[in-house]
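*Asks:* sequence below, structure please.
(one chain, ligands or ions: 2)
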Amino acid sequence: MRLGILGGSFDPIHYGHLVAAEETRAALKLDRVLFVPTAASPFKMGRVRSPPEDRFRMAEMAVASNPRFAVSRIEIDRPPPSYTVETLRLLSASCEADLYFIVGEDAARDIALWKEPQEIVRLARLAVVTRPGLEINIEEIAPWLPLERVHSVHIPQLEISSTDLRLRIATGRSIKYQLPECVEAYIAERGLYR
Ligand code: ATP
Ligand code: MG
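*Replies:* Ligands and ions are numbered 1, 2, ... in the order given. I've put the predicted structure just below:
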């Protein structure tokens, strides 16, 4: 069993996340992808807008139609901050699967700043997905990374970010076709990001 893990604040989840998960699943022949919303990322303390429960619900709605996708409470049920290394330790202890941690190039660029990056790469292979406006050289950024544990995955480039979506909502602009309609409806109903 090969299990992909996509961590993020998903504040809100959008098609960039879903395409990243699906393209990596196909490229690396993963059996499943687990979306893991953070309680609060160490890099985003105080900057995550919506409560974990809303971010979790939106992620669940977004993946509901895909039997290979699921959302985990593993980080939102732990007190923040959410350290990836702890999550991977818990997951690797609780399942037999080969783990693939999926990250966009923007997140991968900061890998040296993460808690125990070497341990992260020991616990999981890294799948680095392309993100618009960035072209990183992971060998240069982290020469200590065992390259056989790192996979680059080219995905269709969607210039969508949660930051931009939050700004659009706050200023009354359209977010249509950038995230699933059920998520858009949930945001409107709950009055998120206004
Ligand atoms: P924010 O703007 O709040 O940081 P975001 O859109 O970057 O939100 P995150 O929840 O921070 O979303 O991202 C979770 C993971 O998904 C990260 O590894 C990030 O690089 C990746 N990701 C987010 N958006 C895209 C996208 N459009 N294409 C590819 N990967 C993406
Ligand atoms: Mg981000």
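*Asks:* please work out the average pLDDT along stretch 100-119.
*Replies:* For stretch 100-119, the mean per-residue pLDDT is 94.
*Asks:* contacts for that stretch next, please.
*Replies:* Contacts to stretch 100-119, defined as Cβ atoms under 8 Å, 6 or more residues apart in numbering, come from residues 2-7, 16, 20-21, 24, 28, 30, 33, 42-43, 83-85, 88-89, 120, 124-131, 134-136, 138, 141-142, 144-145, 151, 153. No exception for glycine: its C-beta is placed from N, CA and C like everyone else's.
*Asks:* equivalent analysis for stretch 87-97, please.
*Replies:* Residues contacting stretch 87-97 (Cβ under 8 Å, 6+ apart): 1-3, 5, 7, 31, 34, 36, 74-75, 99, 101, 119-120, 123-124.
*Asks:* which two from those residues end up farthest apart in space?
*Replies:* D31 and E119 (23.9 Å; Cβ to Cβ).
*Asks:* of the two, who's got more company?
*Replies:* A count of neighbours by other Cβ atoms under 10 Å puts E119 above the other of D31 and E119, at 15 against 12.
*Asks:* ok, back up a step: now, which of the contacts of stretch 87-97 sits nearest ligand 1?
*Replies:* Taking Cβ to the nearest ligand atom as the measure, ligand 1 lies nearest G7 of these, at 6.5 Å.
*Asks:* so the residue lying closest to that closest one once chain neighbours are set aside: helix, strand or coil?
*Replies:* What sits nearest to G7 in space, not counting adjacent residues and going by Cβ to Cβ, 6 or more residues apart in numbering, is V36, at 4.6 Å. When classified by DSSP: H, G, I helix; E, B strand; the rest coil, V36 comes out as strand.
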